[in-house]
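Student: when you get a sec, could you give me coordinates for this:
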Amino acid sequence: MSSTSEEADSIPLLTAPTQSNFPLFHTPTGFRQAASLLQQGRGPIAVDTERASGYRYDDRAFLIQLKRQDSGIILLDPEVHRDAFREILSPVLSQQSWIIHAAHTDLPCLAWLGCHPTELFDTELAGRLAGFSKVNLSDMCATVLGFRLAKGYGAEDWSTRPLPKDWLVYAALDVEPLLDLADAMMLLLERQGRWEYALEECEYVRRSHAHIQQPPMRSWCDERGIESLTTPRQLVIAQALWKERERLAKTRDQSPGRILRSATLIDIARPMASSPQQMKNIRGVGRQAPRWWKVQQRALSTDPTTWPQPKRSSRRGAPSTKSWRHYHPESFEDFLHCRAKVEEVAGRLNIPTENLLSPTVLRELLWEILHHRRIKSPEQARSFLHAHGARRWQIELCQPALYTICREYGPR
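Tutor: Next up, the predicted model:
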């Protein structure tokens with residue numbers, strides 16, 4: 001056994017919340033009780049959700065876990081009465097500050113229920129800014145609070161009813177330490193001089209989700225791998241397969257990937273099987289070949305003038321890293337050199353580069369400097385970053401790297 005494993009085993013394991021009984025509310029009457037309990041509490045509310053996107057059509061919440069000082073742990077099952085949940089609990093939750101671990105995963109499904117925090121503190125994001133090498137909840141609790149969390153049910157089908165008791169205990173554990181963890185991380189960030197960074201980042205995350213009201217629209221054009229299809233025949237087949245899969249998934253409330261995997265959809269469209277038997281041999285099709293064969297044939301029987309056409313890239317900004325290397329090799333080494341300057345800053349601060357500055361925004365900036373030659377000074381670089389959503393603390397910390405890059409590649 002490694003020393004790391006021995007150290008982990010020596011840390012106490014929390015297997016259940018200290019609160020032995022926690023209510024599970026799933027009716028309008030129960031939601032009113034939960035609202036009353038929350039209103040009796042004080043301070044921010046710890047929030048977590050359990051979803052079932054690997055099993056169900058969308059990423060909606062099937063269980064919501066809350067904890068507030070003087071309110072205790074509260075579990076909410078909104079599935080059958082989502083409108084009542086929105087009416088009763090949204091006004092209460094939306095008037096409070098929230099503590100969440102990895103907020104970007106939970107905020108969308110809560111926004112679909114009309115719930116938006118007035119303030120947000122993300123403990124995972126705090127761990128990243130504080131320089132933690134591991135930022136999952138259990139590891140952060142071990143480092144900061146001195147105990148690990150028992151895990152094991154995160155990948156289960158949370159649309160299952162009734163929910164097993166063990167699952168509910170697991171879910172409650174996810175909010176049990178959040179209030180204490182948030183307090184400890186706030187103090188740590190203050191000692192490190194990074195509290196303002198966390199405030200800006202958490203507010204950015206909150207505002208990024210504040211406008212969300214419903215799930216995003218799905219489109220076959222967004223299907224993973226669709227860009228690899230280059231002919232109208234391939235595209236019309238992919239479009240038809242996607243629409244049929246979407247219809248079935250929505251009707252059955254089932255994850256689209258469980259009906260037909262994205263990779264399989266693309267594999268069907270690309271070679272265009274000439275018979276049901278040939279299609280059956282495509283990995284992932286199997287006994288469903290007759291269904292998808294009919295879909296393909298219906299698509300090919302339509303007027304070819306109506307088939308979707310391959311789209312030329314409408315991208316006006318920077319190419320992906322892969323495309324930059326392939327299509328613009330003359331500046332790719334300069335791109336890597338400049339990116340390394342920002343990575344050096346991140347390394348010195350012990351902050352992940354992607355948290356110091358969005359990789360997309362950095363690539364766009366370097367495209368302007370190296371390709372278009374439109375940015376030639378640190379001041380212009382700062383203005384560009386600000387206009388593209390970079391936060392003040394990010395721009396300030398990147399300033400030395402921006403100065404060096406602009407000195408080397410700006411004036412020509």
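
Student: got a list of contacts for the strand or helix carrying Gln239?
Tutor: According to DSSP states H and E, Gln239 maps onto helix 232-252. For helix 232-252, contacts defined as Cβ atoms under 8 Å, 6 or more residues apart in numbering pick out 57, 218, 220, 223, 226, 229, 254-256, 259-260, 265-266, 268-270, 272, 291-292, 295-296, 298-300, 302, 304, 307-310. C-beta here means a position set from N, CA and C on the backbone, and glycine is covered the same way.

Student: go on, stretch 203-213?
Tutor: With Cβ under 8 Å, 6+ apart, stretch 203-213 has contacts from 103-104, 107-108, 111-112, 114, 116-117, 119-120, 122, 125, 389, 391.

Student: what's the answer for stretch 394-411, then?
Tutor: Contacts for stretch 394-411 (Cβ under 8 Å, 6+ apart): 334, 338, 341-342, 344-345, 349, 356-357, 366, 369-370, 375-378, 380-382, 385-386, 390.

Student: what's the mean pLDDT across it?
Tutor: Mean pLDDT, stretch 394-411: 92.

Student: check which residues of it are buried.
Tutor: Under the neighbour-count criterion of 16 or more other Cβ atoms under 10 Å, stretch 394-411 has 394-395, 397-398, 401-402, 405-406, 409-410 buried.

Student: as PDB, could you dump the C-alpha coordinates of that stretch?
Tutor: Extracted C-alpha coordinates of stretch 394-411, given in PDB (Å, rounded to 0.1, in the frame of the first residue of the first chain):
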ATOM      1  CA  GLN A 394      -7.300  37.700 -14.100                       C
ATOM      2  CA  ILE A 395      -6.200  40.700 -16.200                       C
ATOM      3  CA  GLU A 396      -4.100  42.100 -13.400                       C
ATOM      4  CA  LEU A 397      -2.300  38.800 -12.700                       C
ATOM      5  CA  CYS A 398      -1.700  38.200 -16.400                       C
ATOM      6  CA  GLN A 399      -0.300  41.700 -16.900                       C
ATOM      7  CA  PRO A 400       3.400  40.700 -16.700                       C
ATOM      8  CA  ALA A 401       2.800  38.000 -19.400                       C
ATOM      9  CA  LEU A 402       0.900  40.400 -21.600                       C
ATOM     10  CA  TYR A 403       3.700  42.900 -21.300                       C
ATOM     11  CA  THR A 404       6.300  40.300 -22.400                       C
ATOM     12  CA  ILE A 405       4.100  39.000 -25.300                       C
ATOM     13  CA  CYS A 406       3.300  42.500 -26.600                       C
ATOM     14  CA  ARG A 407       7.000  43.500 -26.300                       C
ATOM     15  CA  GLU A 408       8.000  40.500 -28.400                       C
ATOM     16  CA  TYR A 409       5.200  40.400 -30.900                       C
ATOM     17  CA  GLY A 410       3.500  43.700 -30.800                       C
ATOM     18  CA  PRO A 411       5.200  46.500 -32.800                       C
END
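
Student: stretch 369-385: end-to-end distance?
Tutor: 12 Å (Cα to Cα, to the nearest Å).

Student: got the buried residues for it?
Tutor: Buried, per 16+ other Cβ under 10 Å, within stretch 369-385: 369-371, 375-376, 378, 380-382, 384-385.

Student: can you give me the strands in the protein?
Tutor: 13-14, 24-25, 42-51, 61-69, 72-76, 97-100, 119-122, 148-149 (DSSP state E).

Student: most tightly packed of these?
Tutor: When these are scored by mean count of other Cβ atoms under 10 Å, the highest mean neighbour count falls to strand 97-100 (a mean of 24).

Student: let me know the pLDDT of the closest residue to Phe22 other than its chain neighbours.
Tutor: Computed as Cβ to Cβ, 6 or more residues apart in numbering, the closest residue to Phe22 that is not its neighbour in sequence is Ile73, at 4.0 Å. As predicted, Ile73 sits at a pLDDT of 98.

Student: kindly report the same for Asp9.
Tutor: So Asp9 comes in at 71 (pLDDT).

Student: and it, how far from Arg148?
Tutor: According to Cβ to Cβ, to the nearest Å, Asp9 stands 9 Å off from Arg148.

Student: then Ile99?
Tutor: 19 Å.

Student: mind picking the two most distant members of the contacts of stretch 203-213?
Tutor: With distances taken as Cβ to Cβ, the most widely separated pair in the contacts of stretch 203-213 is Gly114 and Arg391, at 27.5 Å.

Student: how about low-confidence regions in the stretch 301-412 of the chain?
Tutor: For the stretch 301-412 of the chain, the stretches flagged by pLDDT under 70 are 313-315, 411-412.

Student: recalculate using a threshold of 80.
Tutor: Low-confidence segments of the stretch 301-412 of the chain (pLDDT under 80): 312-316, 410-412.

Student: cool, the stretch 1-150 of the chain as well?
Tutor: In the stretch 1-150 of the chain, residues with pLDDT under 80: 1-9.

Student: go again with 70.
Tutor: For the stretch 1-150 of the chain (pLDDT under 70), the answer is 1-8.

Student: returning to what we had before: pull the contacting residues for the residue nearest to Phe22.
Tutor: 17, 19, 22, 65-67, 172, 175-176.

Student: using TSV, lay out those together with distance to Asp139.
Tutor: What follows is these, written out as TSV (distance: Cβ to Cβ, whole Å):
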residue	distance to Asp139
Pro17	19
Gln19	23
Phe22	24
Gln65	20
Leu66	23
Lys67	20
Ala172	19
Val175	17
Glu176	16
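
Student: which parts of the stretch 151-300 of the chain are helices?
Tutor: 165-173, 178-192, 195-209, 232-252, 256-259, 262-269, 276-280, 289-300 (DSSP state H, counting those that start in this stretch).

Student: among these, which is nearest Phe85?
Tutor: helix 165-173 (16.8 Å).

Student: buried set for that closest one?
Tutor: Buried, per 16+ other Cβ under 10 Å, within helix 165-173: 167-173.

Student: wait, what's in contact with Pro23?
Tutor: 30, 33-34, 37, 74-75.

Student: one more pass at 7 Å, please.
Tutor: 74-75 (Cβ atoms under 7 Å, 6 or more residues apart in numbering).

Student: do I have it right that Ile369 meets Ser377?
Tutor: No - in this structure, Ile369 is not within contact of Ser377 by Cβ atoms under 7 Å, at 10.1 Å.
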